[in-house]
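[1] Here you go, sequence then predicted model.
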Amino acid sequence: MLKRPAFFLDVQRCTGCKTCMIACRDKHNLPPDVRWRRVVEFVGGAWKIQPDGTYFQDVFAYYLSISCNHCRNPVCVAACPTTAMHQDEFGIVRVDPDKCVGCRYCEWVCPYSAPQFDAVSGSMTKCDFCRDDLLEGGVPACVAACPTRALQFGEYDQLAAEPGIVHNMAPLPPDDLTEPGFVLAAHRDVCPAKTCRGRIANPEEVIDVE
Amino acid sequence: MSNEIVGHPLSRSFADDGRTAPEPLRRRGADVSLIIFTLCIQSAVGLVWVGCAARWIEALGGNSLFRLQMATALGLTVMGLAAAPGHLAKPRLAVLALRNLKRSWLSREVGLAPLTAAALIWLIWRTPAEGGGLVGLEIGVCLLGLALLGAMRGVYHIRAVPVWHSAATGLAFLASALMLGGALALAAAVLGRAFFSISGLALTTSAVAVVSGLLAKTMVVILLLKIDASVPDYIWYAKTAAPLKSDRIFLLSMGLIVAGIVCLALALTGPAALPLWALGGFLCFAAAEILGRRHFYKSYQRIGV
């Protein structure tokens, strides 16, 4: 078992096919409104006119497959009043459903929408890194399903030491907020967090909406 | 100078596709429970502060009024505690929320509220009907109230929610406590006139608390206007939820606060038969607070995804 398992996403390779989302949903038998993994489509840019009257465009789009990042500083664990949200010996953040009272405070504090409320059980639920598979030497379902091998996993320190890694990328929050265990290889159009004029193009798919 | 094309068919970018960003899901009724809890607790804490302050200024006089005020504060605290589990999916397990006092502000808030209620019961029980009192215990209850407000501020001072992660949140809670507590103390004093003697100092202290609360609220509005301007830089999927963007709610709240001030002024300066105006003043303030709080919860937007 890895000391601190982390997801790795090569943003240039991710085509936004959402197979990882489906694999996760399938493996954990999640209800439709519970999304442990989501694929965010981040877009921006526009057509612009140049002094000579010609047009050019700086339109961009890239996809980010996001789940719980099993952060080094998990704000959900600190905020949880019941200690239902906890971090195990491998750094995997998990929920104890017997302790969870369903206050949904972890949902407020997590900037990655990782904790997801299951209305049927009345508890928060979240990605557990397919811990059962990892313990048996297997691979998380989302990683196994990724057709382009854009989504991978490994030891955080090893992944973070690879060249071309970025830590701040819109629309992700600044990484000093929670020190996420999520390693990204940048897209050519990557926008650093806070400096990018763009928006999430598929909010209905990634945000819990009324 | 931006050379982006405005109005040209080619200028239609992905970012301008005209869709309204959806609001994050929250269970129906959850906000109501939290609004009742925060409103009751802040009113109770403010009432304790104003009641104690008036009593200390009067050299521990006015026991009847003080006991009435503390009983009201206790009632509010109990009401808030009764409403709080309404937002839980498993209210029968609510007691488990005390397990993370070391790290969680929510846990501390949950722990401090019943502690304040217990301290209030003790204070009411130990305060004699006539003359004298226990200053140490009174100070203790005031500090417990302060700690409770501090914990409440900690709960909402979330880094991932930039609209709430500002000085405005704590100041708004303090302002509400002073405003509502002052108005309630005033109402209790004006109503109490019919049954026991009330000194002018008690009324003045309450009025000062209300004015301080209103000044603090003004500061909050100024701070929120600044946040309004900065929020769009952080939020990727919805740029419409800044706290004061809804002018209609803001104007209605202001109208209710003005009505509350008029009611309280009438209760203070009018003939003795106006105690209901004082209560009306408190209710106007409370209604303004409910509107503001509904908007506060709606203004929730995280950084990130």
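    Right, received. Where do you want to start?

[2] Geometric centre of chain A: which residue is closest?
    A:Ile66 (1.9 Å; Cα atoms, centre = their mean).

[3] A:Arg197 - nearest residue in space that isn't next to it in sequence?
    A:Gly44 (5.5 Å; Cβ to Cβ, 6 or more residues apart in numbering or on different chains). In short, each C-beta sits where N, CA and C put it, glycine included.

[4] next one: B:Ala209
    What sits nearest to B:Ala209 in space, not counting adjacent residues and going by Cβ to Cβ, 6+ apart, is B:Gly182, at 3.1 Å.

[5] next one: A:Ala186
    Excluding its sequence neighbours, the residue lying closest to A:Ala186 (Cβ to Cβ, 6+ apart) is A:Val166, at 4.4 Å.

[6] returning to that earlier point: correct me if wrong, but the residue nearest to B:Ala209 is in a helix.
    Yes: counting by DSSP: H, G, I helix; E, B strand; the rest coil, B:Gly182 is part of a helix.

[7] thinking again about what came up before, and the pLDDT for the residue nearest to A:Ala186?
    Looking at A:Val166, its pLDDT stands at 88.

[8] ok, the spatially most central residue of chain B - contacts?
    For chain B, the residue nearest the mean C-alpha position is B:Ser176 (4.0 Å; Cα atoms, centre = their mean). For B:Ser176, the contact set (Cβ atoms under 8 Å, 6 or more residues apart in numbering or on different chains) comprises B:39, B:42-43, B:46, B:213, B:217, B:289.

[9] count of neighbours near residue 166?
    Went with chain A since none was named. As a burial measure, A:Val166 scores 16 neighbours (other Cβ atoms under 10 Å in any protein chain shown).

[10] You answered for a different chain; I wanted chain B.
    For B:Ser166, the neighbour count with other Cβ under 10 Å is 19.

[11] That one contacts B:Leu223, doesn't it?
    Yes: in this structure, B:Ser166 is within contact of B:Leu223 by Cβ atoms under 8 Å, at 6.3 Å.

[12] Could you list every helix and strand in contact with the helix or strand of chain A with the lowest mean pLDDT?
    For chain A, using mean pLDDT, DSSP states H and E, the weakest element among its helices and strands is helix A:203-206, scoring a mean of 81. When contacts are defined as 3 or more Cβ pairs under 8 Å, 6 or more residues apart in numbering or on different chains; DSSP states H and E, helix A:203-206 packs onto strand A:38-44.

[13] Within the sheet, what are the partner strands of the strand it packs on, with directions?
    Paired strands of strand A:38-44, with direction, are strand A:60-66 (antiparallel), strand A:198-200 (antiparallel) (DSSP bridges).

[14] mean confidence for it?
    Per-residue pLDDT over strand A:38-44 has a mean of 91.

[15] After it, which helix or strand is next?
    Of the helices and strands lying after strand A:38-44 in sequence (DSSP states H and E), the nearest is strand A:47-49.

[16] quick one: is that next one near chain B?
    Yes: using Cβ under 8 Å from any Cβ of the partner chain, strand A:47-49 reaches chain B at A:47-49.

[17] which of these are buried?
    With neighbours counted by 16 or more other Cβ atoms under 10 Å in any protein chain shown, the residues of strand A:47-49 next to chain B contain buried members at A:47-48.

[18] residue contacts, residue 126?
    No chain specified, so I'll use chain A. A:36, A:68, A:93-95, A:114-116.

[19] that's the wrong chain, I wanted chain B
    B:Arg126 neighbours (Cβ under 8 Å, 6+ apart): B:134, B:137.

[20] With B:Leu251 as the reference, measure out to it.
    Using Cβ to Cβ, to the nearest Å, B:Arg126 is found at 46 Å from B:Leu251.

[21] With B:Ser104 instead?
    Taken as Cβ to Cβ, the span from B:Ser104 to B:Leu251 is 37 Å.

[22] With neighbour numbers in mind, choose between the two.
    The residue with more neighbours, out of B:Ser104 and B:Leu251, is B:Ser104; 27 against 10, by other Cβ under 10 Å.

[23] got a list of what the more buried one touches?
    Contacts for B:Ser104 (Cβ under 8 Å, 6+ apart) come out as A:78-81.

[24] Does B:Trp56 touch B:Val135 like I think?
    Yes: using Cβ under 8 Å, B:Trp56 is in contact with B:Val135, at 7.3 Å.

[25] Of those two, give the one with the bigger neighbour count.
    Per other Cβ under 10 Å, whichever of B:Trp56 and B:Val135 has more neighbours is B:Trp56, with 16 against 12.

[26] The residue of chain B found nearest chain A: what secondary structure?
    At 2.5 Å from chain A, B:Ala89 is the closest residue in chain B, using Cβ to the nearest Cβ. At B:Ala89 the chain is in coil, as set by three-state DSSP.

[27] List the contacts of it.
    A:101-104, A:117, A:119, A:122-123, B:27.

[28] try 6 Å this time
    By Cβ atoms under 6 Å, 6 or more residues apart in numbering or on different chains, the contact list for B:Ala89 reads A:102, A:122.

[29] I would like the residues contacting the helix or strand harbouring A:Leu9, please.
    A:Leu9 is located in strand A:5-10, with elements delineated by DSSP H and E. Residues from elsewhere that reach strand A:5-10 (Cβ under 6 Å, 6+ apart): A:65, A:129, A:150-153, A:156, A:159, A:181-185.

[30] which parts of chain A sit against chain B?
    Within chain A, the positions adjacent to chain B are A:40, A:43-49, A:66, A:78-79, A:81-83, A:99, A:101-103, A:105, A:109, A:111-113, A:122, A:171-173, A:177, A:199-201, A:203, A:207-210 by Cβ under 6 Å from any Cβ of the partner chain.

[31] Of all residues in chain A, which one is closest to chain B?
    For chain A, Cβ to the nearest Cβ, closest residue to chain B: A:Gly102, 2.5 Å.

[32] Leaving out the residues flanking it, which one is nearest to that residue?
    In space, and not counting its chain neighbours, A:Gly102 is closest to B:Ala89: 2.5 Å by Cβ to Cβ, 6+ apart.

[33] all helices of chain A, in order?
    For chain A, the helices defined by DSSP state H occupy A:19-28, A:75-79, A:105-109, A:131-135, A:141-145, A:156-160, A:203-206.
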